[in-house]
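Q: after the sequence you'll find the predicted model.
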Amino acid sequence: MNKQLADEVARWHLNNGGYCDTPEVYKYHTLRLLHEAVELCLASGANDLMVSDVLDEEINKHKARYGDHTVISMDDISGEIADVAILLELFAGCVEVDIDLAVQDKLDILHQRQWEPDIHGVLWRQRSGEEEPPP
């Protein structure tokens with residue numbers, strides 16, 4: 001994503017009350033990302049069992065390396081962000097989606113919606129009948 005568009009995304013996040021300012025909240029922001037990644041998997045034809053199998057595999061791989069202990073390492077985070085970005089670019093190319101155009105189009109929609117940050121600064125869409133964002 002180009003810098004100007006990335007800045008626009010950051011402004012949208014901040015203007016709607018989102019924040020990600022301490023390592024203690026990183027996990028909640030990545031779990032929000034997981035929600036969207038699962039939606040992408042399902043929209044692309046994966047089924048719930050396939051998604052569950054991948055989640056189990058990644059969790060088991062992490063436990064084999066680190067046990068139940070998780071250490072926040074900026075090097076590890078940087079490497080995983082790169083993996084996600086590379087694979088997203090490759091997939092977008094496969095399905096012929098211009099990421100910058102798709103993000104700009106989606107931002108236009110997001111600006112029309114109501115958002116509420118949870119206690120960790122993660123934004124959730126306000127929907128009728130919901131009293132508060134998910135934990």
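A: On my side now, so go ahead. Residues are numbered from 1 along each chain as shown.

Q: so how far is L42 from M50?
A: The gap separating M50 from L42 is 9 Å, by C-beta to C-beta, to the nearest Å. In this view, the C-beta of every residue, glycine as well, is placed from N, C-alpha and C.

Q: hey, where'd the helices end up in the protein?
A: Here the chain has its helices, by DSSP state H, at 3-15, 23-43, 48-66, 74-94, 99-110.

Q: how about those, which one is nearest Q126?
A: Comparing the helices of the chain against Q126 with C-beta to C-beta, the closest turns out to be helix 99-110 (12.1 Å).

Q: for that closest one, buried residues please.
A: By neighbour count on 16 or more other C-beta atoms under 10 Å, the buried set for helix 99-110 is 99, 103, 110.

Q: what sits closest to the last one if chain neighbours are left out?
A: Looking back up the chat, that one is L110. Closest residue to L110 apart from its sequence neighbours, by C-beta to C-beta, 6 or more residues apart in numbering: W12 at 6.2 Å.

Q: what's the neighbour count on D98?
A: For D98, the neighbour count with other C-beta atoms under 10 Å is 11.

Q: where does the prediction get shaky in the protein?
A: Residues of the chain that meet the criterion pLDDT under 70 lie in 128-135.

Q: report the central residue of this structure.
A: Note on the chain: the residue nearest the mean C-alpha position is L33, at 1.7 Å, using C-alpha atoms, centre = their mean.

Q: what number of residues lie near the closest residue to that residue other than its chain neighbours?
A: Spatial nearest neighbour of L33, chain neighbours left out: V84 (7.9 Å); criterion: C-beta to C-beta, 6+ apart. Neighbours of V84 under the rule other C-beta under 10 Å: 13.

Q: do the same with the one 10 residues further on
A: The number of residues packed around C94, counting by other C-beta under 10 Å, is 9.

Q: circling back to that earlier point, how near is the residue nearest to the centre of the chain to P23?
A: 16 Å.

Q: coming back round to it: out of the helices of the chain, which comes closest to D118?
A: Closest approach to D118 among the helices of the chain is made by helix 23-43 (7.3 Å; C-beta to C-beta).

Q: could I get the buried residue list for the closest one?
A: So helix 23-43, judged by 16+ other C-beta under 10 Å, has buried residues 25, 28-30, 32, 38.
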